[in-house]
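**Student:** Curious how this folds, go ahead:
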Amino acid sequence: MATNAQSQNPISEALRKITYGYYILTTRKSAEELSTRDQDYIAAGTVCWVTQVSFEPHVVMVAVEKTSDLNETIQKSRVFALNVLGRKNQPLIEKFSRKTNVEEGAHQLNDYNFEDGKTGSPLLTDTVASFECNLVEVIHSKADHVLFLGEVVEATVRDADEPLLTDLDANYKYGG
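**Tutor:** All right, here's what the predicted structure looks like:
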């Protein structure tokens, strides 16, 4: 049953019915190409607005908040990876909704192991799957998110766990 606040805004109520998955979006860029960094930089965050938009070639779209570090870093690096979360990965949602702690020597992001993908983007090794993308288009609008279209160039499936879907009543954090 809808609350009074939801009933007063049917657009918000209807939009809450859309289902999404959870992903950790990652990218890496060298310092000399980033205006706000003095060393190589890894950006990572929890995102849920992701969809496949083409079969040939395989292209996905991800929405990233304009104020997120991911926005500048993806535009400069021209690559990104999406790490698909399964049910067992639920703790990663909140861990990656905050500032990312990088331990390069230990190959860890927020205490989770990663390996370098072929594009240079970090791939979280405990997730259900990862896919790496070359950026093909950036779509800016008056909206509060930027849309990135990426051609999938590599993919890894690690686990048969079911993908984790959004639960709007759980109040999970968003980092993208």
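**Student:** Checking my notes, Ile74 in a helix, right?
**Tutor:** Yes - assessed by DSSP: H, G, I helix; E, B strand; the rest coil, Ile74 belongs to a helix.
**Student:** My guess is it contacts Phe80. True?
**Tutor:** Yes - in terms of CB atoms under 8 Å, Ile74 counts as a neighbour of Phe80; the distance is 5.1 Å. C-beta: built from backbone N, CA, C; applies to glycine.
**Student:** Pull up the overlap in contacts between these two.
**Tutor:** Residues touching both Ile74 and Phe80 (CB atoms under 8 Å, 6 or more residues apart in numbering) are Thr27, Leu135, Phe148.
**Student:** So which of those residues is the closest to Glu103?
**Tutor:** Thr27 (17.4 Å; CB to CB).
**Student:** and the gap between Gln108 and Ala44?
**Tutor:** 11 Å (CB to CB, to the nearest Å).
**Student:** Name the single longest strand found in this structure.
**Tutor:** The residue-count maximum for a strand in the chain (DSSP state E) belongs to strand 145-157.
**Student:** Check which helices and strands it sits against.
**Tutor:** strand 59-65, strand 79-84, strand 129-139 (3 or more CB pairs under 8 Å, 6 or more residues apart in numbering; DSSP states H and E).
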